[in-house]
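Student: Sequence and predicted structure below; questions after.
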Amino acid sequence: MWRALDQRSRLGDSLDTDLAVHAGDVSYAGMDSAIPFLNVSKYDEWEPLWDVYGLAHQNYTQRRAYQLGIGNHEAWYNWTATTHRYPTAQSDVPAVSGAAPPFWYTFVAGGVHWTMLSTEHDYSPGSVQYTFLDAALAAVDRKVTPWSAVAFHRPMYSSDKSEYGAHIPGCSIQVHLEPLMLRHKVDLVFTGHQHAYERVHPNIAGNVTSMPTPLAGLVDPFGANTAYVRPGAPVHILGGNGGAVQDFGWVDPAPSWSAVRLSSGCDSSGGRHCIPEPRNLLTTYGYVHAEFFNRTHARLHTEMVTKGQPHDGFWIIRADGA
C-alpha cells in the first residue's frame, strides 16, 4: 500500500524538505488480474505495469525526494522488480553499520530522522535487523533531528477484521519492536498492508498513554483541532488507503487504542457513519500529509481523493529535547 508524506520542516530558518515515503507493496503496480488474454493471474507480476506506474507518478517524484519500503508483495517476486527500479541507499548521517537497503536503512529529511524496516525479514532480538534498529535509533541526535519516525509495512496495531490477531498487543511486531521504540522515544510509526486508514492512540501494549486534547481557539483548515501533548509513546498511522480495493471490515467494537478508522467511504471510529449515497470504493483513497513545523509541533491530516468524504487530522506536541 502506499504512504505519501509531504514534509515541510522548518527549524529556525534553515530546513525545508519535501518528501514522499511509500511503506511497502509497491509491487501492486505490477500485479493485475484483469488481463485474461495475456494469461496473467492476480498473483503474477506483469513487468510493463511497473513502468506504467512509474510514468504515472513521475511528475510528482521528479520534483521531490521519494523513499521506498518493502512489503509482502515485493517478497513474492524476490525483490527484483523493486530493487531494479528503485535503488535505495543508507544515509551517512548518522552513520550506522548493519544497514541493508532497501530492507532496513535510515535517512534524514529536514528535522526528521527516518528508520525504514522490513516486516518480511527477521526482526526478533538478536537478528541483524533488530541490532541495526537499536543502533539506528540510539544514534538519533535530537539537536539535529528532533523528530524520530519509523516506517514498515505490516502494522503493529490495527483493528482490521481479517488479520486482527497479527496486529494487536501480543503480536510479534509489538513484542519485539515496541520496547526499542519506547526506549528511544520514537514519535511516529507509519505502516500500510491493510487497505484502509487507521490512527492509533499512543499506547504501550494496548494501554493508552495519551488522548487528544482540544486546541482552544484553533480553527484548522484540515480539521486538525486536537493534539497529543507529550504523548509518552508513538502515534501509529496505518495509511494503506492509497492502493487496491477498500472493501474493508473492522472488529466491533473498536479497541480502546483505535482512534479513527476510515474505509469504503465510511468512518467506523464509533459506529459506522458513511457519506451520503451513492458512494463507491474510491471514496476513502488518499494519503497522509505530515508537516513538521518546528522542534515540538507537527500536524498530520489525510488528503482524500474525493471531496466530502470522511477524513482525519490531528497535531502532536512533543517535549523539546526528549
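Tutor: Sure thing, it's come through. Numbers count the residues shown, from 1 in each chain.

Student: Give the next helix or strand downstream of the helix or strand of the chain with the lowest mean pLDDT.
Tutor: Here the helix or strand of the chain ranked lowest by mean pLDDT, DSSP states H and E is strand 273-274, holding a mean of 69. Using DSSP states H and E, the helix or strand that follows strand 273-274 in sequence is strand 286-292.

Student: and that following strand, what does it pack onto?
Tutor: Under the contact definition 3 or more Cβ pairs under 8 Å, 6 or more residues apart in numbering; DSSP states H and E, strand 286-292 sits against strand 235-239, strand 297-304. C-beta here means a position set from N, CA and C on the backbone, and glycine is covered the same way.

Student: give me the number of residues near Ala56?
Tutor: 10 (other Cβ atoms under 10 Å).

Student: quick one: it and Trp50, what's the gap?
Tutor: Taking Cβ to Cβ, to the nearest Å as the measure, Ala56 falls 11 Å from Trp50.

Student: Please apply the same query to Tyr60.
Tutor: Distance from Tyr60 to Trp50, by Cβ to Cβ: 16 Å.

Student: more neighbours, these two?
Tutor: Trp50 (21 against 11).

Student: So for Gly239, what's the pLDDT?
Tutor: With respect to pLDDT, Gly239 scores 89.

Student: Who is it paired with across the strands?
Tutor: Residues in a beta bridge with Gly239, per DSSP bridges, are Tyr197.

Student: can I assume it is in contact with Tyr287?
Tutor: Yes - counting by Cβ atoms under 8 Å, Gly239 does reach Tyr287; the two are 6.4 Å apart.

Student: Among these two, which residue is more densely surrounded?
Tutor: The residue with more neighbours, out of Gly239 and Tyr287, is Gly239; 28 against 23, by other Cβ under 10 Å.

Student: Can you list the residue ranges for helices in the protein?
Tutor: Assigned by DSSP state H, the chain shows helices spanning 47-56, 58-61, 72-76, 80-85, 128-138, 172-183.

Student: looking at the sheet around the residue nearest the centre of the chain, what are its partners?
Tutor: By Cα atoms, centre = their mean, the chain has its centre lying nearest to Phe190, at 2.5 Å. Beta-bridge partners for Phe190, by DSSP bridges, are Ala151, Ile237.

Student: got the contact list for it?
Tutor: Arg3, Leu5, Val21, Ala23, Ala149, Val150, Ala151, Ile237, Gly239, Val288 (Cβ atoms under 8 Å, 6 or more residues apart in numbering).

Student: which one of the residues you listed has the most neighbours?
Tutor: Of the contacts of Phe190, with other Cβ under 10 Å as the count, Ala23 tops at 33 neighbours.

Student: what's the spacing between that residue and Ser263?
Tutor: Relative to Ser263, Ala23 is positioned 17 Å away (Cβ to Cβ).

Student: one step back: turn the helices and strands packed on strand 286-292 into TSV, including distance to His73.
Tutor: Listed next are the helices and strands packed on strand 286-292 as TSV, based on distance: least, Cβ to Cβ, whole Å:
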stretch	distance to His73
strand 235-239	16
strand 297-304	23
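
Student: Tell me which of these sits most buried.
Tutor: Highest mean neighbour count among the helices and strands packed on strand 286-292 (mean count of other Cβ atoms under 10 Å): strand 235-239, with a mean of 28.

Student: Could the C-alpha coordinates of it be exported in CSV?
Tutor: Output of strand 235-239 as CSV, limited to C-alpha atoms (Å, rounded to 0.1, in the frame of the first residue of the first chain):
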residue,chain,number,x,y,z
VAL,A,235,1.3,7.7,17.4
HIS,A,236,0.7,4.9,14.9
ILE,A,237,-0.7,5.7,11.4
LEU,A,238,-1.9,2.9,9.2
GLY,A,239,-2.1,4.5,5.7
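
Student: hang on, the earlier thing: which pair in the contacts of Phe190 has the greatest spatial separation?
Tutor: Greatest spacing in the contacts of Phe190, by Cβ to Cβ: Val150 and Val288 (14.5 Å).

Student: Name the spans of the stretch 101-250 of the chain whose pLDDT lies under the cut-off.
Tutor: In the predicted model, the stretch 101-250 of the chain carries pLDDT under 70 at residues 244-247.
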